[in-house]
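S.K.: Based on what follows, work out the 3D shape:
(one chain, ligands or ions: 1)
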Amino acid sequence: MKTADSETRTTLRQDLAVNWRGVKHIVKLDRWLWLWVAAFSAVTAAAPFVPVYFSARLLGELLGNQNRERLLLFGCLLVSLTFLVSILKDALWEAADLHFQALNFAQRREVDQAVLTADYEQLENPQLHLKKQLLDDSYSFNGGGLFQLAYQVGVALRCLFLLLYSVFFLLPIFQASPAGAAAAHPLIASPLLPALFLLALVGVSAYTVFADLRYNRGQYSQFSTCMWSNRFGNYYLNQLAGDYQVGKDIRLFGEQPLIQSAIDQMAQTLGRAMTNLSSLQGWCFGSIDTLTALLTGAVYLLAGARALAGLLPVDALVQTAAGIGQFCFAVSLGFGTLVYMRLNTQYLRPYFDFIDFPQSMYKGTIPVEKRDDGEYEIAFEHVSFRYPGSDQWAIKDLSLRLKVGKKLAVVGRNGSGKTTFIKLLCRLYDPTEGRILLNGIDIQKYDYREYLSLFSVVFQDFKLFSFPCAQNVAASVRWDKKAVRRCLEDAGMGDWLDRVPLGIETPLYKNFDDSGVEISGGEAQKIAIARALYKDAPFIVLDEPTAALDPLSEAEIYRRFDALTSEKTAVYISHRLSSCRFCQDIAVFDRGQLVERGPHRELLAKGGQYARLWEAQAQYYRDGPEGDSPPSKPDF
Ligand SMILES: Nc1ncnc2c1ncn2[C@@H]1O[C@H](COP(=O)(O)OP(=O)(O)OP(=O)(O)O)[C@@H](O)[C@H]1O
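M.R.: Reported below is the predicted structural model:
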């Protein structure tokens, strides 16, 4: 992925292409939006002209013939049409705004969806988080991306309509003056003056583009400065400061000043960026406004002088004055909009990068054969793996076969590669070298979703969500009541279910619901086990599944483990070697390699790594007088 900075150097052609893609993409997300935007723009642009047009006619009639019927007609049209346009404008804005909000939601949803379905490996890629932060910040900073494009196209359309209407209003000033009056005032009547006005307009427009560009570049650079601060800010403010789970560590270790200083630092960076931006804004927009005001004033002067000299009727003067104002406004706004649209590609591009994000895991197409007999065999063939960005092998030349319907325990010291082995098995990562086969076929060739459906996993760092308990167990908004209850009971949560008032519908945690319950670490682990049982997949993988369980609950899980996993192929990781004994097969990992494999007694008799691990732990359980000092430095 490119960095946010490299996004700025693009050609006009590329920027046009991205904007055009954005326009088409908006049609895909909401095909009616452009219709509402066009209607709103046309009516909004007409709003300032309607009262001026009829006021001018009214004034002309008052100063001229004073025909009562015409006066009445113009008066009625002035009031009714001004009222109608104003109502129509508001109604159209309400309708367009609904579509804008829906678009805003749709673009955020697409980005969230892309993050949720990105290859797991990409979640470790800091560039992905940086781009996500860029998009999140751009939404709050200026609604960047598709939303900003839709808005700016709306403004551009409004400018086009304004120009159209104001050219019509300005026609009188370009009309040739009556010959006699022109001869009496050759300077004021000179056709050179409107030409000069046009020339000055071109100059002011060019300056508008320059100043807008300057402001937008400055805005983007301040914005980039803030991005890291925002990311840290989000982490400290949203994920740490308010998190119930983290709260105890913060309090007990007195970490408030540490966190507060990070928050203060972020606030200072943001404050500096905002000050810089405000002064740049004042300078850029102040100078544009001054030049536009000078130009408008000069043209008013010309129109006034022509009116005084009898070269321009009073009603035409009123009309021209309004035309001048709107024309200058449209030119300045229009160029500003084009600049914004170009700079908005800095947010559009990462947005499209996100939704086009390559998903290499999803390339396989072969459906996984659905077997009632559960005869799925997995084979690792010379598999080696390095985590992205790491030069260390987490797994090195691993060859291993999972025997169908058998229980395999995986043991080894911290960092020996046990969890990595599971991640490769479940295809959260692909091997760097070697291959993994399911029933003789490389797992990369299978449809990814179908392959994932073969595994029920409880990771040691499993996560439950602030949803009702049943939704957590079923991992879905719909659930089978009986099955949820049975799985929870099998995982040892029967008592808990009887205690909580809402049963399986009890919300977990109190984040969103007063009736939510806080659960202990062991209870959470049991719910995670119930979730794995509910999935009822042919492979069940438990990574430290009982680490948080009390001895009775642990004993109960082991007692029922065979029944719970019945015909399934089970992989079981644990540091409590006593709990691995019920597996027929034990694999011992060391520094990413499989160093021993066999049943408990055989491995003990071998006197190798397994025996050493076993011995280190067994010392704790040997009888000794109470208060004995612990055995010297167990390293497992
Ligand atoms: N996301 C990651 N990025 C880089 N290296 C990693 C990552 N996860 C693990 N590692 C490294 O890979 C090696 C194997 O880690 P792994 O988590 O598989 O060990 P483990 O045997 O499960 O350890 P434990 O018993 O502590 O859970 C370790 O050296 C670890 O530092």
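S.K.: For residue 313, the count of nearby residues, please.
M.R.: Neighbourhood size, residue 313 [other CB atoms under 10 Å]: 17. To be clear about C-beta, it is placed using only N, CA and C from the backbone, and glycine gets the same treatment.
S.K.: hang on, it packs against residue 60?
M.R.: Yes - using CB atoms under 8 Å, residue 313 is in contact with residue 60, at 6.6 Å.
S.K.: Convert the C-alpha atoms of stretch 562-581 to CSV, please.
M.R.: What follows is stretch 562-581, C-alpha atoms only, in CSV (Å, rounded to 0.1, in the frame of the first residue of the first chain):
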residue,chain,number,x,y,z
ASP,A,562,-14.9,-37.1,24.6
ALA,A,563,-18.7,-37.0,24.6
LEU,A,564,-18.7,-33.3,23.6
THR,A,565,-16.3,-33.8,20.7
SER,A,566,-17.6,-37.3,19.8
GLU,A,567,-16.6,-38.1,16.2
LYS,A,568,-14.8,-34.9,15.7
THR,A,569,-11.2,-34.4,15.1
ALA,A,570,-10.0,-32.3,18.0
VAL,A,571,-6.8,-30.3,18.5
TYR,A,572,-6.1,-29.2,22.0
ILE,A,573,-3.4,-26.9,23.2
SER,A,574,-2.6,-26.7,26.9
HIS,A,575,0.2,-25.8,29.3
ARG,A,576,-1.4,-28.1,31.9
LEU,A,577,0.1,-31.3,30.8
SER,A,578,-2.1,-33.3,33.2
SER,A,579,-5.0,-32.2,31.1
CYS,A,580,-3.5,-33.5,27.9
ARG,A,581,-3.3,-37.0,29.1
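S.K.: now check it, is it near the ligand?
M.R.: No - Stretch 562-581 is not in contact with the ligand by CB under 6 Å from any ligand atom; minimum separation 6.5 Å.
S.K.: Distance from that stretch to the middle of the chain?
M.R.: 39 Å (CA atoms, centre = their mean, to the nearest Å).
S.K.: Name the residues of that stretch that are buried.
M.R.: Buried residues in stretch 562-581, counting neighbours by 16 or more other CB atoms under 10 Å, are found at 564-565, 568-575, 577, 579-580.
S.K.: Go through those and flag which are in strands.
M.R.: 569-573 (DSSP state E).
S.K.: In JSON lines: the residues you listed, plus pLDDT.
M.R.: Formatted as JSON lines, these follow (pLDDT from 0 to 100):
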{"residue": "569", "pLDDT": "87"}
{"residue": "570", "pLDDT": "88"}
{"residue": "571", "pLDDT": "90"}
{"residue": "572", "pLDDT": "87"}
{"residue": "573", "pLDDT": "89"}
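S.K.: Next to the ligand, which bits of this protein? Give me the list.
M.R.: Residues of the chain lying near the ligand by CB under 6 Å from any ligand atom: 124, 387, 390, 394, 412, 414-420.
S.K.: Please indicate which of those residues are buried?
M.R.: For those, buried by 16+ other CB under 10 Å: 387, 394, 412, 416-420.
S.K.: List the ones among those that fall in helices.
M.R.: 418-420 (DSSP state H).
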